[in-house]
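> Kindly generate the corresponding structure for this input.
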Amino acid sequence: MKTSISTYSVALAITSLGFFSCSENNDPDVIGEGAVRIGMGVKLKNDGNAGARTLNSGIDIQSGFLQIKEIELETEGRDENGDDFERELELKFNEIKKIDFNEFDAGVDFFINIPAGNYEEIEFEIDLIDNRNQPSIQLDGIYNYQDGTSVPLRFEVFGNDDDDFDFEVELEGDDDDDLFFLDGINNPLALFQIDAKGWFRNVSSSELENAELTNGVLLINKNVNSSIYRKVESRIKDSTDIELKMN
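A predicted model of the protein is given here:
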């Protein structure tokens, strides 16, 4: 796709949003209507940055999932007649969309169709929800103790449809008044890379070393190891807004 994307303000939870040519595969869900097909994918950030510094190097997040209730879509732009428009849509899946992810999965999880046109802004709000006794967000991995032993680690967010856990992504022109054109020829892929380890950046190694185990698992949620949970929860809530510039 010839249009270039530059990150304007990328949050801690989602480190980058790249746009690439993509094709439909594995028959992912398609919601919305229009000639432009935007692929949406979620993966874990690769922790291969040797210069990264965290307080909790013993954490190894390997997989996880999100559960999506719906996508709220707001668009502003100008139609073929030169008239400005604003549209709001609620796009729902046939059932709650559970997206499993890991650092090696960069595929399309679902598509959003929108009309071709000249856009000033496209805003996606990804509404998360608990479902089937499973949390809105779950991370699974291993915690390696300083003595060389390790235990399974699980982090859970039971959000109860809490808006504070919803992710918002805004695409805008390079300048406030700039328009960008999207058509149905080259369909972009919006790839969320989740810096899950970064969510634990404010948690000290001593807190993790002394955390309570549940049936041999270092479980972290609002009821178990709640002081650690509150620190991670705060990082998530502070990192759900993403703003990108089109140029």
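
> Residue 153 sits in which helix or strand?
Secondary structure from DSSP states H and E places residue 153 in strand 150-157.

> Need the residues that contact that strand.
59-61, 135-145, 165, 199, 213, 216-221, 229, 232-233, 236 (CB atoms under 8 Å, 6 or more residues apart in numbering). In short, each C-beta sits where N, CA and C put it, glycine included.

> Once you drop chain neighbours, what's closest to residue 72?
In this structure, residue 72 finds its nearest non-sequential neighbour in residue 125, 4.1 Å apart by CB to CB, 6 or more residues apart in numbering.

> wouldn't the one you found be in contact with residue 71 here?
Yes - using CB atoms under 8 Å, residue 125 is in contact with residue 71, at 7.1 Å.

> Tell me which of the two has more neighbours.
A count of neighbours by other CB atoms under 10 Å puts residue 71 above the other of residue 125 and residue 71, at 20 against 17.

> give me every residue that touches the closest residue in space to residue 163 that isn't next to it in sequence.
Once flanking residues are discounted, residue 163 sits nearest to residue 127: 7.7 Å by CB to CB, 6+ apart. Each residue near residue 127 by CB under 8 Å, 6+ apart is listed here: 68-72, 161, 163, 166.

> Check the gap between residue 127 and residue 165 for me.
With distances taken as CB to CB, to the nearest Å, residue 127 is found 9 Å from residue 165.

> Show me what counts as buried in the helix or strand harbouring residue 68.
Using DSSP H and E, residue 68 maps to strand 59-78. Using 16 or more other CB atoms under 10 Å as the test for burial, strand 59-78 gives 59, 61, 63-73, 75, 77.

> same thing with stretch 98-116?
For stretch 98-116, by 16+ other CB under 10 Å, it's 99, 101, 103, 107-115.

> so where is the chain shaky, pLDDT-wise?
1-26, 46-56, 106, 161-162, 173-177, 240-247 (pLDDT under 70).

> Report the beta-bridge partners for the one residue sitting closest to the centre of it.
Centroid check for the chain by CA atoms, centre = their mean gives residue 192 as the closest residue, at 4.9 Å. Per DSSP bridges, the residues bridged to residue 192 are residue 17, residue 42.

> Was I right to think it contacts residue 41?
Yes - look at residue 192 against residue 41 with CB under 8 Å: they come within range, at 6.9 Å.

> Bridged to the residue nearest to residue 163, which residues?
residue 70.

> got the phi/psi numbers for residue 166?
With angles defined as degrees, to the nearest 10, residue 166 sits at phi -80, psi 140.

> Is it in contact with residue 126, as I believe?
Yes - between residue 166 and residue 126 there is a contact under CB under 8 Å: 6.1 Å.

> max-length helix in the protein?
In terms of residue count, the longest helix belonging to the chain (DSSP state H) is helix 226-237.

> Can you give the distance from that helix to the centre of its chain?
Between the centre of helix 226-237 and the centre of its chain there are 17 Å (CA atoms, centre = their mean, to the nearest Å).

> what about the nearest residue to residue 167 once chain neighbours are set aside, how many neighbours?
Leaving aside its sequence neighbours, residue 167 sits nearest to residue 126 (CB to CB, 6+ apart; 4.4 Å). Counted with other CB under 10 Å, the neighbours of residue 126 add up to 21.

> how far away is residue 126 from residue 91?
Relative to residue 91, residue 126 is positioned 10 Å away (CB to CB).

> Just the CA trace of stretch 72-92, in CSV.
In CSV, the C-alpha atoms belonging to stretch 72-92 read as follows (Å, rounded to 0.1, in the frame of the first residue of the first chain):
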residue,chain,number,x,y,z
GLU,A,72,-17.6,0.9,17.8
LEU,A,73,-16.6,2.8,14.7
GLU,A,74,-16.6,6.6,14.1
THR,A,75,-15.6,8.1,10.8
GLU,A,76,-15.2,11.7,9.5
GLY,A,77,-14.5,12.7,6.0
ARG,A,78,-15.7,14.0,2.6
ASP,A,79,-17.8,12.2,0.1
GLU,A,80,-17.6,12.2,-3.7
ASN,A,81,-19.8,15.2,-3.8
GLY,A,82,-17.5,17.2,-1.6
ASP,A,83,-19.9,17.1,1.4
ASP,A,84,-18.5,16.5,4.8
PHE,A,85,-19.8,13.4,6.7
GLU,A,86,-19.7,11.9,10.2
ARG,A,87,-20.8,8.3,10.8
GLU,A,88,-21.1,6.1,13.9
LEU,A,89,-21.5,2.4,13.7
GLU,A,90,-21.6,-0.5,16.2
LEU,A,91,-20.2,-3.6,14.6
LYS,A,92,-21.0,-6.9,16.4
